[in-house]
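> Turn this into a model:
(one chain, ligands or ions: 1)
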Amino acid sequence: MCIRDSIYKVDDKNGRLYQSYLGQKLSFDSDIVQLPLGNEAYLTHGMEDYFEPAIRVLHNDGNPSLLLKYISHENKQLQPGVDETVILLKDDKYPVEVKLHFIAYPKENIIKEYAEISHQEKKPVTLYNYASSLLHLNGSKYFLTEFAGDWAHEVNMKETELAFGKKMLDTKLGSRANMFCSPFFLLALDRKAEENAGDVLFGTIGWTGNYRFTFEVDNENGLRVLSGINPYASEYSLKPNEVFRTPEFIFTYSTEGKGKASRDFQRWARKYQLKDGEKSRMTLLNNWEATYFDFNEDKLVNIMDEAVALGVDMFLLDDGWFANKYPRSSDHQGLGDWEETVTKLPNGIGKLVKEATDRGIKFGLWIEPEMVNPKSELYEKHKDWVIHLPNRDEYYFRNQMVLDLTNPKVQDYVYGVVDNLMTKYPGIAYFKWDCNSPITNIYSPYLKDQQSHLYIEYVRGLYNVLERIKQKYPNLPMMLCSGGGGRCDYEALKYFTEFWPSDNTDAVERIFIQWGYSYFFPAKSMAAHVTSWGKQPVKFRTDVASMCKLGFDIRIHEMSQTDQQYCKEAVANFKRLDDVILDGDQYRLQSPYESQHAAVMYANDNADKAVLFAFDIHPRYAESIQPLRLQGLKEDARYELKEINLVPGTQSRLACNGKTFSGEFLMNVGIPVFSSRPTNSHVIEITEVK
Ligand code: GLA
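Numbering: from 1, shown residues only. Next up, the predicted model:
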């Protein structure tokens, strides 16, 4: 069986399934037959293998082993451009079966893999391990890049060589699952990953909860990569005929380095996975960093006026608008009571929606519906809806606790937060859905004696809610936020148009954060706001945010007239070019990890329009500065270069501004765009002259 760049074979003698190959797609059957059998595809526990298995089960009779034999496979087209292969495996002694699903997107070079596990034993079978995918790789060396950190410090890229034994990337945080480590990795074979050359595997898991990637190098220097739900504290009791469906592991294998793999992921996401991936996005002004909890109706309406003057599409009201018995005047209280604070907003959200609509902009609203402050009416009324240990002191993360989404009543309630607001105020055009706490005090009052299902059922409960919202409000855009980048997986992004990469909006930090996420996510999925966290020039901050989905979260009236005018022009430029920036192919040209500069460019499908962003961060004294070579253009086309986003009253300092060059020149000789000025930036519009 050939599934894009992987090949599976069945051993004639033992009837078991093997992964024979993973790499550059092979075209000739005459070659494929000569490939060695390889390694068993979905390894089980209890037989002759000595390393980490994909699946481990305990049967009714106490037997802990499984042996899977190939039964059949089928191929079908799911939709034009999307093919599925399903391989059925069965144990010949126990009625247990595993279906391996591979969904291939040949044009984008992406494969999704997941497993369905079921059985017909008399009583439940216990699942201890249940990977979505097991991939075998064979290289002389393996270099793993992980994307880890913490709140306000997300996706720090670190590349290390794997040696014998296991390395795991996992999370046990439950709800705010990715706070320390994002659910994706890249793995280079033979040599360190390069942007435009070399073999590299990119993988990510579509699961908004505990995940685990295991990388194990064996005694023969083979590498197995196991991906799936983190089985930690999650033994699953599988009833007869129930189908346990693992989340999807999504991967690509590039022989042309990281840049190609990222562009494949970004294109695939826009076309197939991200909610409204091919639709436009709204620019916005958010009030969070401008006011925090300290606002009233007048203040908000003034900010709406600023949004109009700035030219953005929407005003987004953040945290602090709700609860009455315990008004949400700080993060210590009120979560769970989703009614407007009458002392703050006497005329309610309806009035704010109207004020926005009257000004020709949209209105968006922050919610955090999965959470509760102990100081809230919800907690007082429904303690049984809160995940907590019945006989212990409660532990709070950001003064709050997590609702028990395993309980269908709680699912109704969480769904109701959105549904009630939308029913009452149909003019709400957007939600920012936050999730600031990991699951603490880990015990579900609803699950009673099945506590080991909590982490899994929580995520399933969340998906039920999100699915209902999507069904009823298919055109409602939503931002996925989790105290910054605590959630950003591709299953959640079926329901969210964008995510909030980090609470850290310092522009220098954001260059690194956006760089890290760009390995897997398209620009349009990342909300990037201009704020006053960093103290760089407003131009620098705005240019950084303009590389993704542009927004503002800043006291506009405290900015100078020149800065305000600059921002207005930058918003207009962004809107004029957002089809290139948000929908184009991205090229990472100069890494901030490797120099004191950074550059990223976007080119549209025809390569007749491109936008280049170039930054000097903290250049060294007298460092040698080289021209920047562009990518993604047509060699024989001629392009005019124009510097945009200039501060009013200033002229471009770039020698290339206003000049015309061939694509060949731009990509081979390059243009000088870097300087020795710290926190300096340039945005260049590149247009084919026809
Ligand atoms: C989280 C979010 C912020 C903001 C606050 C509000 O930290 O990441 O953007 O919405 O909550 O409390």
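
> so what's the nearest residue to Gln24 once chain neighbours are set aside up against?
Excluding the flanking residues, the one nearest Gln24 by CB to CB, 6 or more residues apart in numbering is Thr255, at 4.8 Å. For every residue, glycine as well, the C-beta is placed using N, CA and C. Listed by CB atoms under 8 Å, 6 or more residues apart in numbering, the contact set of Thr255 reads Gly23, Gln24, Gly198, Asp199.

> Go again with 10 Å.
Asp5, Gly23, Gln24, Lys25, Leu189, Ala197, Gly198, Asp199, Val200, Ala261 (CB atoms under 10 Å, 6 or more residues apart in numbering).

> With secondary structure, neighbour count and pLDDT added, can I get the residues you listed in CSV?
Listed next are the contacts of Thr255 as CSV, based on DSSP: H, G, I helix; E, B strand; the rest coil; neighbours: other CB atoms under 10 Å; pLDDT from 0 to 100:
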residue, secondary structure, neighbour count, pLDDT
Asp5, coil, 21, 80
Gly23, coil, 16, 93
Gln24, coil, 12, 89
Lys25, coil, 14, 89
Leu189, strand, 21, 97
Ala197, coil, 15, 98
Gly198, strand, 18, 97
Asp199, coil, 21, 97
Val200, strand, 27, 98
Ala261, helix, 24, 98
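
> Identify, from those, the entry nearest to the ligand.
Ala261 (28.8 Å; CB to the nearest ligand atom).

> Contacts only, for the closest one.
Contacts of Ala261 by CB under 10 Å, 6+ apart are 109-110, 186, 193, 200-202, 251-255, 519-520.

> Quick check: chain neighbours aside, which residue is closest to the residue of the stretch 1-150 of the chain found nearest the ligand?
For the stretch 1-150 of the chain and the ligand, the shortest gap (CB to the nearest ligand atom) falls at Asp150, measuring 13.3 Å. When the adjacent residues along the chain are set aside, Asp150 lies closest to Phe180, with 6.0 Å between them (CB to CB, 6+ apart).

> where does the protein come near the ligand, residue by residue?
Within the chain, the positions adjacent to the ligand are Trp288, Asp318, Asp319, Asp331, Trp366, Asp434, Asn436, Cys481, Gly483, Gly484, Trp500, Asp503 by CB under 6 Å from any ligand atom.

> so which of those is the most crowded?
Cys481 (28 neighbours; other CB atoms under 10 Å).

> From Glu498, how far out is that one?
As judged by CB to CB, to the nearest Å, Cys481 and Glu498 stand 9 Å apart.

> Mutual contacts of the two, please.
Lys432, Cys488, Ala527.

> I figured the second one was touching Ser182, is that so?
Yes. Between Cys488 and Ser182 there is a contact under CB atoms under 10 Å: 6.4 Å.

> what touches both of these two?
Counting by CB under 10 Å, 6+ apart, the contacts common to Cys488 and Ser182 are Phe147, Glu154, Val155, Thr204, Pro501, Tyr517, Phe520, Phe521.

> ok, back up a step: now for the residue of the stretch 1-150 of the chain closest to the ligand: which residues touch it?
Asn156, Met179, Phe180, Cys181, Gly484.

> bridging residues for it?
His153 (DSSP bridges).

> Quick check: closest non-adjacent residue to Tyr128.
Arg56 is the one closest to Tyr128 (CB to CB, 6+ apart), at 4.2 Å.

> Kindly report the same for Cys435.
Nearest to Cys435 is Ser482, by CB to CB, 6+ apart, at 4.4 Å.

> and that neighbour, backbone torsions?
When quoted as degrees, to the nearest 10, the phi and psi of Ser482 stand at phi -150, psi 70.

> Give me the neighbour count for it.
28.

> Count the neighbours of Thr44 for me.
Counted with other CB under 10 Å, Thr44 comes out at 22.

> for Tyr70, same thing?
Residues near Tyr70, counting by other CB under 10 Å: 20.

> Where does it fall, secondary structure wise?
strand 69-79 (DSSP states H and E).

> counting contacts, what elements does the helix or strand following that strand pack onto?
Next along the chain after strand 69-79, taking DSSP H and E as the criterion, comes strand 82-90. Strand 82-90 is packed against strand 2-3, strand 6-10, strand 17-22, strand 69-79, strand 96-105, strand 110-119, with contacts defined by 3 or more CB pairs under 10 Å, 6 or more residues apart in numbering; DSSP states H and E.

> what's the residue of the stretch 201-350 of the chain found nearest the ligand in contact with, if anything?
Closest residue of the stretch 201-350 of the chain to the ligand, CB to the nearest ligand atom: Asp319 (3.5 Å). Applying CB under 10 Å, 6+ apart to Asp319 gives the contacts 287-288, 291-293, 328, 330-331, 334-335, 366-368, 432, 434, 436.

> circling back: dump the contacts of Ala261 to CSV, plus secondary structure and distance to Glu74.
Formatted as CSV, the contacts of Ala261 follow (DSSP: H, G, I helix; E, B strand; the rest coil; distance: CB to CB, whole Å):
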residue, secondary structure, distance to Glu74
Asn109, coil, 22
Ile110, strand, 20
Leu186, strand, 31
Ala193, coil, 36
Val200, strand, 31
Leu201, strand, 26
Phe202, strand, 27
Phe251, strand, 22
Thr252, strand, 24
Tyr253, strand, 23
Ser254, strand, 28
Thr255, coil, 29
Tyr519, coil, 33
Phe520, coil, 30
